[in-house]
Every structure is written in C-alpha cells, then in structure tokens.
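Visitor: take a look and give me a structure for this.
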Amino acid sequence: MREEEVHYDIAVIGGGLAGTCAAIAAARLGRRVALVNNRPVLGGNASSEIRVWVCGATAHGVHRWARETGIMGELYTENQYRNPEGNPYYWDQVVLDAVRAEPGIDLYLNTDVREVVASGPEDAREVHSCTGWMMGSERRITFHARQFLDCTGDGLLGHLAGARYRIGREARAEFDEPWAPEEGDEALLGSTILFHTKDLGRPVKFVPPAYARDLTTTPILRNRVLNTGDNGCDYWWIEWGGELDTVHDNERIRDELQGVIAGIWDHIKNSGEFPDAENLTMEWAGSLPGKREYRRFLGDHMLTQQDILGQRQFDDRVAFGGWSVDLHPVQGMYADEPGARQRYADGIFHIPLRSLYSANVTNLLFAGRNISATHIAFGATRVMATCATLGEAAGTAAALCVAEGVGPRELAAKHPELVRRALLRQDASVIGLSDDDPDNLARTAVVSASSHLSRLAAEPTPAAPGEPYPLTRDLALLLPVDPALDTVDLLVHGAPDGPPAELTVELWTTGRPENAVPVGHLLTTTATVPAGGPHWVTARLGHRPDSPENVVLIVRACPGASLVLVPERTDGVLALRSRAEGDAAVDHDIPEEEGQLVLEWQARGLRRRTFAFRAAPETSAFRPERAVGGFQRAYGGPQMWSSGPSAGHPDGAGQWLRLDWRQEQRLAEARVVFDDDVDEYLNNLHRHRTPFEVMPELVRDYRLQSREPDGTWRTLLTVTDNRRRHRVHALTGEDGGPVRTEALRLVVDATHGAPRAHVIAFKAYGA
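Guide: So this is what the prediction gives:
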C-alpha cells in the first residue's frame, strides 16, 4: 500500500454530472482541481453503469427555450453530434473527454473517500483534508484543499466534516408546504435499477433465476404497465427502498430490485401474454441501484415548494430548473397508488447560491441532489441536468473563493457581482441576469450589422405552401413585442360552404419574462373569415407595452375554419395548441394535477412550424445591439441579433456584426455566443430523437476581423465546422501582443442550415 498526500486549490468529491461540471468550471477559472470519484467511470446515475436519462429544465419538452447552456449544454450538444444513436458507452466518452480537456484537473477514479479531517466549533467548522482509497492500485491518498465540494449525492464528505443536514420529509407546518406530510418522517424516494432489451430476430428463451420475484404475489401487475418495447428509464417506476435507509440498506435494496427485474422479464417472456416478446433477450441490467435521495445539507437558504412553483427570482440566483415537483410513493413499485405525483411551475424556476454552501462548514460547497432544499423542493431539483448546472455554479463560486481569499458565505453576501459576471462570462445556465461586467468592452461600443430581421412573419411559399390546421381547438402564437403589436394578419381557411365565420382573437401576457404561457388577458378582438380560402384576415390589437415582452395571441376554436401551418421556424415565435380531450400531457401513466398551464398549452407536434401570420409594425427585437444587451437567454423576447436573409445564400453567408469604439482599444480576447436553439429538447440516451446532429441555427464558419488604420479589415482568425455555442478566442496582434484597433467584426460565412445568422452575445476584453 502506498501513502500519498496531494495539495489542490479545490477538491471535488463525486464524479457525477454535478461534480464533473464543478471541476471543469473551477479549472477554467485557473484553479488546480482534484476530481475524485468512487467509480471507474464518470457521470453517476447517467453513466453506462446505471443509464438514467439526463433530464433537466425542458422537462421532456414541457418548457420552452429551457435547455441548459454552459458546461451541461456542451455535453448535450457534443453527445448529439458524436452519439446520435444514444449509446451509453459513447456518452461516457463524451463526459470523460470534457474532463481530460482541462489541464487544471487531476482525475482520481476508483477512489472512495471515507475519512475527513475538520476542526472548529459546530457553527464554524473547516475542512482541512479528506482521504480516499484507490481500489486496485492500493493507494491511500489524502487530499488537501482550500475549498471542498461535496458532489457525492449521498453527502458523505459533508457528513464526516460535521455539516448539518436532513434526511426525510419535513412537516407541513415547518415551511407551510401544501405537499408535505402533516408530521415529518424519514421517508425517502427509493432507488431504481434499469434494464435494456434487444431483438435478436429469432426465438430466445429465458430461464428465470431462483431469485426472480413472482409478480403475481405483488401489486405490480395490478398497478403498473408492462410493455415489450420499453427500455431503460421507461421502467423508472421499478423503485424501492423509500421506507428503508437508502445508503445503509443499499445491498438489500439492490437484491430486491434485481429480483423484480428478473420477475418482470420472466412474466414478459413466459406468461404467454406477450407473444411479440419471443425474439427478445435482456441485453443489459444494472448492478448498481440508482439512488434518488439521502442527505440534504443545510445552507443559508433552504429551497421550498413555494420557491419552485412561485418561480421566486432570487437576487443571488446561479442556476435554473424546470422539472416538476416529482414525488413518488414511499412503497415505490409495491404501492397501490400511482408511481408519481407531479406539479409544474408555469415556467423555469431559479436556485440561489445560498443553497449551495454549508451553513456551518466555512469552506464546503455542494451540488447535485444534496443541496439545501426541503424534500418537496428536492423533488424538482434532483434531475441530473439541473444538478450539472448547480455543479457549474458551485465550482465557479469555489474558484472565486480561492481567488478572493473568502468563504462561500462572504462571497455570496459581499461579492455577488463576481459570481454573476463569471457565470455570464462562461454562458452558464442563468436566466434574467444581465451582463454588467466592466471588463466587457463591447458594452461601450457602437454596434452595427450588415442587416437585421425587422419583420415578424411566416408566409407560405411555392416550395413550402403550408397545410390547413383545423381550429377544432384553441391555437396560439407566442410573439415578441418590441416596441408594439398593432395588427396581426392570419391566413385562415373558412368553411367550404356556409356563411362567413367570426374568428375570436385574444391577446394575453405571459406574466413573467421567462414564461411562454398565457397568464393575463389583455384584450379581445374579432375578425371575419369568408368561406373557402385561404384568406388573410386582420386582428387589430394596438398593444404598446412599456418595455419589450412576449405575448400569446390566442385564436379560439372555430368550427369549420383552419389556420395555415407553415413548415418554417420563425425566430422568436412559437406555435402552440391547447390540449384537446384525450391528449396526454406526459408520456407515462401519472395522474395530472389541475391547473397546470404548461401542460394545457403545448408545442409538441408544432416544433419548427408556425401558423402563417404577418405582424405590424416592424420589430426591434433582433437589432444588432441585442448582441451586447447582456441577456444570453430568451427573456421577455429572443435577446439575440438575427440577420436578414442573405441574398443568394441560404445559410446566412456574408452577414456581419461589428463593434466600433471612439478610440483605439487593446483587445486580448473575444467571446461569441451563438444560437444553438435551446428550445430543441435533447437527451443523452435519446429518449427523444431530434433529426439534427448539429442545430441548424448554429453558425458553422466565421471570421473575426480587426479594422486597420487605413480602413481595411485584417482577419485575425478563421473558424470552420464550429459545433460550439460558446467560443472563446485569444486575440493576437502582428507584434504578438494585444490587437490594437478601433473596430472588431464578426463575419458569418455559413450556418449549419438556417437562412439567417444568429448571434446571442459578442464580447471583447482588453489586455
């Protein structure tokens, strides 16, 4: 056995997506980081060992423009390109490559941390070191660091350090949470093991092992649905252990889950009820239970049900989520009640920095399912893409703590602008925060462009004539209003025979800049639709808000009439439809809570299509100055520059965006955030399949140029085949130093297929 001691700025314990993103974020800010994981692969529950889908704020496509950016966004889009089939082993490689790309990270796999040295009074403890055993290498390694991150999921590091935590459910009265039980208890969400099947094209037998459970002796056949085509997380409801201790009883839980999986497969293969299963074999079954819940640490803020469903906008928000408050019965798969109860907010919700550090350990942060949240709120924050964004936020905060020589509490209280600016600089997953970084010289520049999209419209063309979409239900368009919405022309088919129809059109506010559902009624107008058609009919609105916003234009159901649906994605616009009787809002058999607007208004089936319309007056929502406006997510509008179409070039070629200063600048770095359509739902193992390996809206080829004193443009760098949303470029002058110029220009040579160039942010930094 070899004894070792190593020293780092930051030690991240736990290599799930939270820990992985925390380590990458800290390393990118110049810190030396140890990433320590007790398994041979990274990714935690998302890894090929367990194979849980990486879900997040999109909530399987429920929320609009909600896919994560930052490091989690990079993992999603890189996996989409490399791994369009959703191979779990290829996903492992994507995650590992992201860590290996950072020279500041030392990765310790198969290293189980089980000892912690900490000291100090109960209210102000400090972690000095932690020690882990590297399996197979006989190395006992002690990690010294200035800041520690517990991303273990179960919270072992913080527990050994003396950090305060909770296990189980709070009483309803403690936080006035409607979904909490009357009395607190230690009940948990259970653990799950998944399995995959494969069609071999010939009959395959299955001889059940002795430990297979007889499903006829359980409530499973009565209360759960078995399908031969289901795989992986389709069987999320194979869950057990909520009445036990999910850590100390882990082996008992594993054995029970494996017995039930064998019993399910025995029933499918041998009961005679599934003749289409004859050629199926079980290709893979997990050996590790995927845990949902254990310790939840106490920070300076404990996230609650009201914070989630009320979408509380914390001043120190550092990440967002969008998953429902998703709680499961304590008995798991043996419960007679449904497998889950879910409640969605009207849009995404926010998570504060104060929920990511310990209230009583001065140099301990945490990220993942162990953050400071009640059991009810944890039901929404626990999904892995959200955990990953929390990891990026916590890793960023830890790096700033080291740089500033402060603890997380002091950073949050005295230097919140440092956290906000760092997160925005790296394009992290935050919404509603504006970049006010004084180091970003683009904020002082005059911005211009070759063109910009000034007309909101979607009209049929000979190549894309559109098709009638019956008004048998209410239909809607979400539109940006900047500065006004006086009229909207709609292309409508009237009834083939009969008198003209009266079309009722309503305008609604979304209530919050981050939301995309109708909340507040603004006005109602009518328009007459002649028989036959299609006809352009005009809805007169006269809406002039005090500031830019999104609105929802609802066209009420009108028997016999149809809107025209155009196969075209319109920038900043969404087509929505109300739910009709019998429509399923979710993809599994879960009873729905009443009054959930995001389930009542859906874009499924309408993605990248728009109801034909023409809006007046012209819009300012896509002017070039939006690229330096500070917002990097849709927020009360699309918040990006979109060019006009390039004549003769269907992929945005020849468009440019330009920064001009009144005096010469010394530029050392430029950052560009391109549009990768965060409304397109992605999943690591492709529960949902999108046809695009790279989003069409992303800029593929571009150049950065500086203006010479004689007015000519010098190309500083050329990029081809870009697949990244966020690009960071060092700028070097001819003398090897910073670039000296009064103007910087981004020239788009091609997109990945979109007809216009999109830029969300264009930033420049001095030497």
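
Visitor: Ala398 in helix, strand or coil?
Guide: What DSSP: H, G, I helix; E, B strand; the rest coil gives for Ala398 is helix.

Visitor: thought Ala22 was touching it, still the case?
Guide: Yes. Applying Cβ atoms under 8 Å, one finds Ala398 in contact with Ala22, separated by 7.2 Å. Any C-beta I mention is one placed from the backbone N, CA and C, and that applies to glycine too.

Visitor: between these two, what contacts are shared?
Guide: Common contacts of Ala398 and Ala22 (Cβ atoms under 8 Å, 6 or more residues apart in numbering): Leu149.

Visitor: quick one: which of those two has more around it?
Guide: For the pair Ala398 and Ala22, the greater number of neighbours falls to Ala22 (38 against 34), based on other Cβ atoms under 10 Å.

Visitor: what pLDDT does the model give the more buried one?
Guide: Looking at Ala22, its pLDDT reads 98.

Visitor: ok now the one helix or strand it maps to, how far from the chain's centre?
Guide: Here Ala22, judged by DSSP states H and E, is contained in helix 17-28. Relative to its chain's centre, helix 17-28 lies at 16 Å (Cα atoms, centre = their mean, to the nearest Å).

Visitor: that helix: what's the following helix or strand?
Guide: strand 33-36.

Visitor: which residues touch that next one?
Guide: 6, 8-15, 19-20, 23, 26-27, 99, 102, 104-108, 111, 113, 132, 143, 145, 395.

Visitor: separate out the buried members of those residues.
Guide: Among those, the ones that count as buried by 16 or more other Cβ atoms under 10 Å are 8-15, 19-20, 23, 26-27, 99, 102, 104-108, 111, 113, 132, 143, 145, 395.

Visitor: now the helix holding Ala22 - C-alpha only, PDB.
Guide: Provided in PDB are the C-alpha atoms of helix 17-28 (Å, rounded to 0.1, in the frame of the first residue of the first chain):
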ATOM      1  CA  LEU A  17     -22.500  15.300 -13.600                       C
ATOM      2  CA  ALA A  18     -22.600  17.800 -10.800                       C
ATOM      3  CA  GLY A  19     -19.100  17.100  -9.700                       C
ATOM      4  CA  THR A  20     -17.800  16.900 -13.300                       C
ATOM      5  CA  CYS A  21     -19.200  20.300 -14.200                       C
ATOM      6  CA  ALA A  22     -18.000  21.800 -10.900                       C
ATOM      7  CA  ALA A  23     -14.400  20.600 -11.600                       C
ATOM      8  CA  ILE A  24     -14.500  21.900 -15.200                       C
ATOM      9  CA  ALA A  25     -15.900  25.200 -14.200                       C
ATOM     10  CA  ALA A  26     -13.200  25.700 -11.500                       C
ATOM     11  CA  ALA A  27     -10.400  24.600 -13.800                       C
ATOM     12  CA  ARG A  28     -11.500  27.000 -16.500                       C
END
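
Visitor: can you give me the end-to-end span of stretch 34-48?
Guide: 23 Å (Cα to Cα, to the nearest Å).

Visitor: try stretch 119-136
Guide: 31 Å.

Visitor: okay, buried residues for that stretch please.
Guide: For stretch 119-136, by 16+ other Cβ under 10 Å, it's Arg125, Glu126, Val127, Ser129, Cys130, Thr131, Gly132, Trp133, Met134.

Visitor: avg pLDDT for that stretch?
Guide: 97.

Visitor: identify all contacting residues around that stretch.
Guide: So stretch 119-136 is contacted by 11, 13, 36, 38, 108, 110-118, 139-145, 148, 157, 160-163, 360-364 (Cβ under 8 Å, 6+ apart).

Visitor: okay, the buried residues of stretch 119-136 in TSV with secondary structure and distance to Thr570 next?
Guide: Shown next, in TSV, are those (DSSP: H, G, I helix; E, B strand; the rest coil; distance: Cβ to Cβ, whole Å):
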residue	secondary structure	distance to Thr570
Arg125	strand	55
Glu126	strand	55
Val127	strand	52
Ser129	strand	56
Cys130	strand	53
Thr131	strand	57
Gly132	strand	53
Trp133	strand	57
Met134	strand	54
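
Visitor: how would you label Ala98: helix, strand or coil?
Guide: Under three-state DSSP, Ala98 comes out as helix.

Visitor: list the contacts of it.
Guide: Per Cβ under 8 Å, 6+ apart, neighbours of Ala98: Thr20, Ile24, Ile71, Glu74, Leu75, Glu78.
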